[in-house]
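Enquirer: Starting from these lines, generate the structure:
(one chain, ligands or ions: 1)
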Amino acid sequence: MADFIVGLTGGIGSGKTAVSDRFAKLGIAVIDADIAARVVVAPGRPALVEIAARFGDKVLLQDGSLNRARLREIVFAEPSERLWLESVTHPRIRDEIIDGLSRAESPYAILVSPLLMETDQHQLCQRVLLVDVPENVQLERASARDGVSREQIEAIMAAQTSRDARRAKADDIIVNDRDLAWLDSEVARLHQLYLSCR
Ligand code: ATP
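Expert: Numbers count the residues shown, from 1 in each chain. Next comes the predicted model:
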């Protein structure tokens, strides 16, 4: 297990991937909670068996993989089902993350997660790094990247934790409102800090 873990979080389109890619280039192991969340519901995994048993074959695609859009609709309409789904997936996502962290061999490791603060994942971390960005920039970048409407991005932003609440819980903040060269220099600065923190 990496003995110093930095949790990296931020809202949709804030630049988590842009930042974690830069840490990876510096040789730092990056464990991605989004990937862990996909792995635990892959065909053959117990969580997918439980989900299919509860909601039926309608939540499966022809190839037996999870129909995420369908499942999202169901749990969006029914908060108690969402809680059930989280009770099935969250402990397994956490185990998958711990597995990744235990194999990390770099001087410290990064756990990148959009739900770091909202789940118990932050408890795995010694430090929390927030990628913070003004809402207008976030809206611009996320809609350009995903090719979805500004209204859809706005709805997702409204459902996510507020900037102020995230900032209050962060140890370090990168304000990602400049160019990518700025991001390089901010990551280099924090890399030195984390090397000295261990
Ligand atoms: P999500 O949670 O939605 O997956 P994210 O937080 O991982 O998003 P990124 O995908 O890293 O965000 O960034 C969103 C978009 O903004 C990407 O297209 C990325 O290339 C771009 N971007 C990030 N930072 C900058 C920057 N400083 N300058 C210009 N473009 C940027």
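
Enquirer: neighbours around I51, how many?
Expert: 21 (other Cβ atoms under 10 Å). C-betas here are computed from N, CA, C, even on glycine.

Enquirer: Check it and give its pLDDT.
Expert: Turning to I51, the model gives it a pLDDT of 98.

Enquirer: got the contact list for the closest residue to it other than its chain neighbours?
Expert: Computed as Cβ to Cβ, 6 or more residues apart in numbering, the closest residue to I51 that is not its neighbour in sequence is V59, at 6.1 Å. When contacts are counted by Cβ atoms under 8 Å, 6 or more residues apart in numbering, V59 touches 51-52, 66-67, 70-71, 74.

Enquirer: Mind checking which of the residues you listed are buried?
Expert: Burial by neighbour count, 16 or more other Cβ atoms under 10 Å: within the contacts of V59 this picks out 51-52, 66-67, 71, 74.

Enquirer: Quick check: longest helix in this structure by residues?
Expert: The longest helix of the chain (DSSP state H) is helix 79-102.

Enquirer: and which of the buried ones among the contacts of V59 is nearest T161?
Expert: In terms of Cβ to Cβ, no member of the buried ones among the contacts of V59 lies closer to T161 than L71, at 22.4 Å.

Enquirer: wait, that closest one sits on V88?
Expert: No: using Cβ atoms under 8 Å, L71 is not in contact with V88; the gap is 11.3 Å.
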